[in-house]
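Novice: heads up, no residue letters with this:
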């Protein structure tokens, strides 16, 4: 059986890919591609049992907490048995597994090797990894942190963030060492580099599934980002009512209702959240490693991993500070959208959309 292990990275359309796989699991199986159901936790679209299986016993995280106290040894034995059993019963020629947490949470050789050993009896494994410009990755990561509960203003990447998901050279080296460099398939997360300009088509081709995707359900883009003004509004809102908190048991707080969905609908495409000098500093720091990745895993002798053209919008001035007028304007639009969907909030940029902006990174 041919195995494709899609490990992310995070913030590279993984939820869209995973929703596609889960929604089309039955039809994919008819085409000889197994998307195993045993890898999911509850209603997740990510095969989160994979990073739980691989992660060291002494490094529990929020994913393992979702096992409800089941001993990790017993969980591993059951998952291995279930996965092998589902593969054998499927009579499929291909297996696809997907969890972006594999790339960000399995940081040690023994963790990745444990996952390798789990999959070895099934067949030959290809590890598929999408990489996104680090400055874009950091903005998207920060946006997700605010959408969950963060109240911190954006800053430069932390040491942990660099180690866990921004150092692509180290990331690729870890996985190549465990599975072999020839098993690692690196793709650039840029629509201009996708097959046909489409992420799903690119994933099908990169995974080597060899199937005709016509007739398969294509989900809309998932986890849409917030523009800087909406993000700053939510960051300050989190001080009083975060989406996740200890009080809510780190589950979505029902008192927030559909605030996130409304803010996403009201957001514009202008997502500048970092001053240009910060963007340059981030990309310059990772430039040598990115060059190594481009040469080693993409065969690009010039060492160019990411395109630079079409990025002029990043050179614009920093946005002005977020004001009380901004807060009231956004609140009014949220109120109108909540009480009259498609009314005041839809298709309207607001009276101060062009003048307002997120607080400058680093301000409280």
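Specialist: Now that the structure is in, tell me what you want to look at. Since we're looking at a predicted model, the values are computed, not measured.
Novice: For the stretch 101-250 of the chain, which segments count as helices?
Specialist: 101-105, 109-119, 134-148, 159-161, 168-179, 199-206, 228-237 (DSSP state H, counting those that start in this stretch).
Novice: between those helices, which gets nearest to residue 340?
Specialist: Of all the helices of the stretch 101-250 of the chain, the one in closest proximity to residue 340, counting by CB to CB, is helix 228-237 (18.9 Å). All C-beta atoms are positioned from the backbone trio N, CA, C, and that covers glycine.
Novice: and that closest one, how far out from the chain's middle?
Specialist: A distance of 20 Å separates the centroid of the chain from that of helix 228-237, by CA atoms, centre = their mean, to the nearest Å.
Novice: which secondary structure elements does it contact?
Specialist: Counting by 3 or more CB pairs under 8 Å, 6 or more residues apart in numbering; DSSP states H and E, the packing neighbours recorded for helix 228-237 are helix 134-148, helix 259-266, helix 324-339.
Novice: Tell me which of these is the most buried.
Specialist: Ranked by mean neighbour count, the helices and strands packed on helix 228-237 are led by helix 134-148 with a mean of 21 (mean count of other CB atoms under 10 Å).
Novice: how about stretch 99-116: buried residues?
Specialist: For stretch 99-116, a neighbour-count test (16 or more other CB atoms under 10 Å) marks 99-107, 111-112, 114-116 as buried.
Novice: now the residue nearest to residue 186 when sequence neighbours are not counted: how far from residue 156?
Specialist: Distance criterion CB to CB, 6 or more residues apart in numbering; nearest residue to residue 186, sequence neighbours excluded, is residue 297 at 4.2 Å. Shown here: residue 297 relative to residue 156, a distance of 27 Å by CB to CB, to the nearest Å.
Novice: out of the two, which sits in the more crowded spot?
Specialist: residue 297 (21 against 14; other CB atoms under 10 Å).
Novice: Verify the stated contact: that one with residue 182.
Specialist: No - using CB atoms under 8 Å as the test, residue 297 is too far from residue 182 to be in contact (10.0 Å).
Novice: and residue 84, how many residues sit next to it?
Specialist: Residue 84, neighbours per other CB under 10 Å, totals 15.
Novice: what does the host helix or strand of it contact?
Specialist: In the assignment (DSSP states H and E), residue 84 maps to helix 72-90. Contacts to helix 72-90, defined as CB atoms under 8 Å, 6 or more residues apart in numbering, come from residues 1, 29, 34, 36-39, 49, 52-53, 57, 64, 67, 95, 118, 121-122.
Novice: Direction included, what does the next helix or strand after that helix pair against?
Specialist: Scanning forward in sequence from helix 72-90 by DSSP H and E, the next helix or strand is strand 94-98. Strand 94-98 pairs in its sheet with strand 2-6 (parallel), strand 33-34 (parallel), by DSSP bridges.
Novice: could I get those strands as JSON lines with mean pLDDT and mean neighbour count?
Specialist: Below are the strands paired with strand 94-98 laid out as JSON lines (pLDDT from 0 to 100; neighbours: other CB atoms under 10 Å):
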{"stretch": "strand 2-6", "mean pLDDT": "98", "mean neighbour count": "22"}
{"stretch": "strand 33-34", "mean pLDDT": "98", "mean neighbour count": "23"}
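Novice: picking that back up, which of the contacts of helix 72-90 fall within strands?
Specialist: 34, 95 (DSSP state E).
Novice: dump the residue contacts of the closest residue to residue 251 other than its chain neighbours.
Specialist: Spatial nearest neighbour of residue 251, excluding adjacent residues (CB to CB, 6+ apart): residue 244 at 6.8 Å. Taking CB under 8 Å, 6+ apart, we find residue 244 in contact with 148, 149, 250, 251, 252, 253.
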